[in-house]
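Engineer: coordinates for the following, if possible.
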Amino acid sequence: IGYKGFLYLEVTGRNDWSSTLPSDNWSYFYPSTGLTWVITDMLNSTSSFLSFAKIRANYAEVGGTTGAYNLDNTFSFGAGGSLGYARRSSVLRTPDLKPENTKSWELGFDVRMLNGRAGLDFTWYKSKTCDQLFGIPLPRPSGYTSKFINAGNVQNSGIEIILNASPIVSGDFLWDLSFNYASNNREVIELTDELSSYTIRRRSWMTTIKVSEGEPYGQIFTKAFVRNDAGQILINDLGLPVVTAGQTVPMGNANPDWFGGLANNFSYKGFSLSVLLDMRFGGDIFSYTESNLVSDGFSERTLAGREGFIVEGVKASDGSPNDITVTAEEYWLSLGGRNSPTGEPFRHDASYVRLREILLGYTFNFDTSVLQSLQLSLTGRNLAFLYNASEILDPNLSVGTGNVQGIEGFGLPSTSVYGFNARFRF
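Structural biologist: Reported below is the predicted structural model:
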């Protein structure tokens, strides 16, 4: 619906039916609405300073269903014995499942100034997902290993900013730049009445990932140094740090505080040059590779203290300053290795600024009826780190995606890619 060419309202509605849900919940409806107000069209503005201005607001709901056979407990049949056997599923099903529901809100504006030479696009958003469908662990004496339920309230909120500008427009020379910024906060508001914490990736190498009520999604737990109330590391009778018995200490989160990119495009007559920077700040990554290298004595970190050194801390026995000398080999063998290493010494800041891509080209124009132009260009991708907080690893080399993030293990070094392109236009 439009009003006088400057105000627009859009309303949608969708209804789905899912036979994998109980019959009472087969049908679920989710609407959306969006309002756009083009201020410059309302004012009939022709100002060179304010070229365009728009405000937008949106609300939407999205429903979700589950897979088959999640309502009733099932049996599977297999060969064995004289008549075979029936085996019950280890997952306890829930007969009254409901569809998932995600509600989202968005506010933003788009402003362009100086005849389009500068622009700012800003978005704030928030979403809430309830009645998520997932499994929770059960004690084995119950006869099941997990139960499939509706539960949870996870909220996402953040901002996105895109800034465009043409700082220089002079004759044949043009410089355009674009900067984007995104920040997302994902928080677990509620899990279930029985659970306040839930493991989404069980112990693997040196980390466990959990979600806990009131905490950011995806907290990383690991083994850590045991400290006294003053924060000093406790030292055992061998002169080595005391560590926790298991992966029980929250030590970080793989999710960044913010990430973004900066693109610069230059052109002069037939020449063109584009430079793209990729950046991320915040988040943690644990290096399983480094844990193995130090225990084998192959890391530069093991050079210091090979003739002996004293670990900074206080004795666990009496609280006095530690004065027991140990070697680097003894120290790193107690912390690193393949089997249940202590994660705290191998935690790194995952922040970086990367020179992601450079493209240099030249365009030849032809005044013929067959060939109009030929563009030749040299490209390079993943060229260098301009800043790498960890200094020793590529933070993008995580062992997986989804819930398997924040740990690096035996990843191959990232490669730079160079290329040559020829584009013909007829």
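Engineer: state the number of residues packed around Pro341.
Structural biologist: As a burial measure, Pro341 scores 26 neighbours (other CB atoms under 10 Å). From N, CA and C alone the C-beta is placed, and that goes for glycine too.
Engineer: quick one: the residue nearest to it when sequence neighbours are not counted from Ser146, how far?
Structural biologist: Counting by CB to CB, 6 or more residues apart in numbering, the nearest residue to Pro341 once its immediate chain neighbours are dropped is Ser291, at 4.2 Å. Relative to Ser146, Ser291 is positioned 31 Å away (CB to CB, to the nearest Å).
Engineer: neighbour count winner among these two?
Structural biologist: Ser291 (24 against 15).
Engineer: buried residues in the helix or strand that one falls within, which are they?
Structural biologist: Under the criterion of DSSP states H and E, Ser291 resides in helix 288-296. By 16 or more other CB atoms under 10 Å, the buried positions in helix 288-296 come out as Tyr288, Thr289, Glu290, Ser291, Asn292, Leu293, Val294, Ser295.
Engineer: want to throw those residues into TSV with pLDDT?
Structural biologist: Formatted as TSV, the buried residues of helix 288-296 follow (pLDDT from 0 to 100):
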residue	pLDDT
Tyr288	93
Thr289	93
Glu290	95
Ser291	95
Asn292	95
Leu293	95
Val294	95
Ser295	94
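Engineer: a markdown table please, covering the residues you listed and showing distance to Ile200.
Structural biologist: Shown next, in a markdown table, are these (distance: CB to CB, whole Å):
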| residue | distance to Ile200 |
| --- | --- |
| Tyr288 | 19 |
| Thr289 | 23 |
| Glu290 | 24 |
| Ser291 | 22 |
| Asn292 | 25 |
| Leu293 | 28 |
| Val294 | 29 |
| Ser295 | 28 |
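Engineer: about what we covered before: contacting residues for the residue nearest to Pro341?
Structural biologist: Residues near Ser291 by CB atoms under 8 Å, 6 or more residues apart in numbering: Met206, Leu335, Gly336, Gly337, Arg338, Pro341, Phe346.
Engineer: ok, the first one to Ile200 distance?
Structural biologist: Taken as CB to CB, the spacing of Met206 relative to Ile200 amounts to 16 Å.
Engineer: and those two? which has more neighbours close in?
Structural biologist: Met206 (26 against 15).
Engineer: what about the nearest residue to Gln405 once chain neighbours are set aside, how many neighbours?
Structural biologist: Excluding its sequence neighbours, the residue lying closest to Gln405 (CB to CB, 6+ apart) is Ala254, at 4.0 Å. Using other CB under 10 Å, Ala254 has 23 other residues around it.
Engineer: for Ala254, phi and psi?
Structural biologist: In terms of degrees, to the nearest 10, the main-chain angles of Ala254 are phi -70, psi -20.
Engineer: per-residue pLDDT, it?
Structural biologist: On pLDDT, Ala254 comes in at 91.
Engineer: before we move on, what about Asp367?
Structural biologist: Taking Asp367 on its own, its pLDDT is 80.
Engineer: repeat for the one 10 residues further on
Structural biologist: Ser377 is assigned a predicted lDDT (pLDDT) of 96.
Engineer: chain neighbours aside, what residue packs nearest to Thr248?
Structural biologist: Phe221 (6.2 Å).
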